[in-house]
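# Following is a predicted model, sequence given first.
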2 protein chains.
Amino acid sequence: MTNASVGAAVASAFAALADPTRRQIFERLAQRTRSVGELAAGLPVTRPAVSQHLRVLADAGLVAHERDGARRVYRIDPRGLETMRAYLDRFWDRALAAFKAAVEEPEKGERR
Amino acid sequence: MTNASVGAAVASAFAALADPTRRQIFERLAQRTRSVGELAAGLPVTRPAVSQHLRVLADAGLVAHERDGARRVYRIDPRGLETMRAYLDRFWDRALAAFKAAVEEPEKGERR
DNA sequence: TGCAATAGTAAGCCATTACTTACGTAAGCA
DNA sequence: TGCTTACGTAAGTAATGGCTTACTATTGCA
């Protein structure tokens, strides 16, 4: 995987989970696999909207699906999760170090 | 922290890092603390745009700042990172289990 | 073959948002 | 006090994106 494609993967994953409806879909698929119609029945949007959200999630590597006759059964895909976790871990140590340095110098006005 | 506010925190954090310009700002602050002007000088947007992005990142708990005279020196805040990591970890085990179950039943057409 | 069920696609609409310029505000200094 | 530096805020604009309805495609079955 190139550096640019890693960046794109991270971007699409964050953008995918930034939408509340997509997070709901993702969380429901984490409970168990579901078809598109099942997902739409439990959400305040139409089935085509769910289809479009599933495409975004799939492009981000966060969900995958298998055929079951005319149905498509969707499930969570760990690849997208791993992409995001790897990204966040890159900054974790540095964030802690920066935070520690800041608290140990409380003479400046800490904000937010 | 209530359940709803947790959801809001997760939402704002993902939305904040979904924007490519904000990710650039975040990554540069991970290298070292910087003022608003320093950040703007290295980015293809104006200084007010950087200010607005910093507010979004701050509201998501991803950055914080201290005053240094007329300057504001920004740094990474680990709280936002922790919020996101905790959210992703909730699904990690279930995603792996679902994935494993799917690979062990390869008779259905796996996609994406 | 035809019909029903399931789901993806297309086109258009409206709200959100990222950006710009212009302006207001606070700190340091001659 | 006035000037400069550094930054946030306001207002307006263009692009993005999520949603709907309408349509198309595929599968299973009588």
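In hand now; what should we look at?

# you'd agree residue A:33 is up against residue A:72?
No. Shown here, residue A:33 and residue A:72 do not form a contact pair, counting by Cβ atoms under 8 Å, at 10.2 Å. Backbone N, C-alpha and C define where each C-beta goes, glycine included.

# where does chain A dip in pLDDT?
A:1, A:4, A:98, A:102-112 (pLDDT under 70).

# So for it, the centremost residue is which one?
In chain A, the centroid-proximal residue (Cα atoms, centre = their mean) is residue A:17; its distance is 3.9 Å.

# Now do the same contact list for that residue.
Applying Cβ atoms under 8 Å, 6 or more residues apart in numbering or on different chains to residue A:17 gives the contacts A:23, A:26, A:60, A:62, A:84, B:14.

# Can you list which of those are found in helices?
When DSSP state H is applied, the contacts of residue A:17 are split such that A:23, A:26, A:84, B:14 fall in helices.

# Keep only those residues that also lie close to DNA strand D.
Here nothing survives when the ones in helices among the contacts of residue A:17 are matched to DNA strand D using Cβ under 7 Å from any atom of the strand.

# got those residues as JSON lines, with distance to DNA strand C and neighbour count columns?
Shown next, in JSON lines, are those (distance: Cβ to the nearest atom of the strand, whole Å; neighbours: other Cβ atoms under 10 Å in any protein chain shown):
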{"residue": "A:23", "distance to DNA strand C": "14", "neighbour count": "19"}
{"residue": "A:26", "distance to DNA strand C": "15", "neighbour count": "24"}
{"residue": "A:84", "distance to DNA strand C": "18", "neighbour count": "24"}
{"residue": "B:14", "distance to DNA strand C": "11", "neighbour count": "26"}
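
# Among the residues you listed, give me the pair with the biggest separation.
A:23 and A:84 (12.8 Å; Cβ to Cβ).

# all helices of chain A, in order?
Using DSSP H, helices in chain A cover A:3-18, A:20-31, A:36-41, A:47-59, A:78-103.

# Same list, these, but as a markdown table with distance to residue B:96 please.
Listed next are these as a markdown table, based on distance: least, Cβ to Cβ, whole Å:
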| stretch | distance to residue B:96 |
| --- | --- |
| helix A:3-18 | 17 |
| helix A:20-31 | 11 |
| helix A:36-41 | 21 |
| helix A:47-59 | 17 |
| helix A:78-103 | 5 |
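
# Any idea which of those helices gets closest to residue B:66?
Using Cβ to Cβ, the helices of chain A put helix A:78-103 closest to residue B:66, at 7.0 Å.

# And that closest one, what's buried?
A:78-85, A:87-88, A:91-92, A:94-95, A:98-99, A:102 (16 or more other Cβ atoms under 10 Å in any protein chain shown).

# distance between it and the chain's centre?
16 Å (Cα atoms, centre = their mean, to the nearest Å).

# is any part of it close to chain B?
Yes. Looking at helix A:78-103 against chain B by Cβ under 8 Å from any Cβ of the partner chain, the contacts come from A:78, A:81, A:84-85, A:88, A:90-92, A:94-96, A:98-99, A:102.
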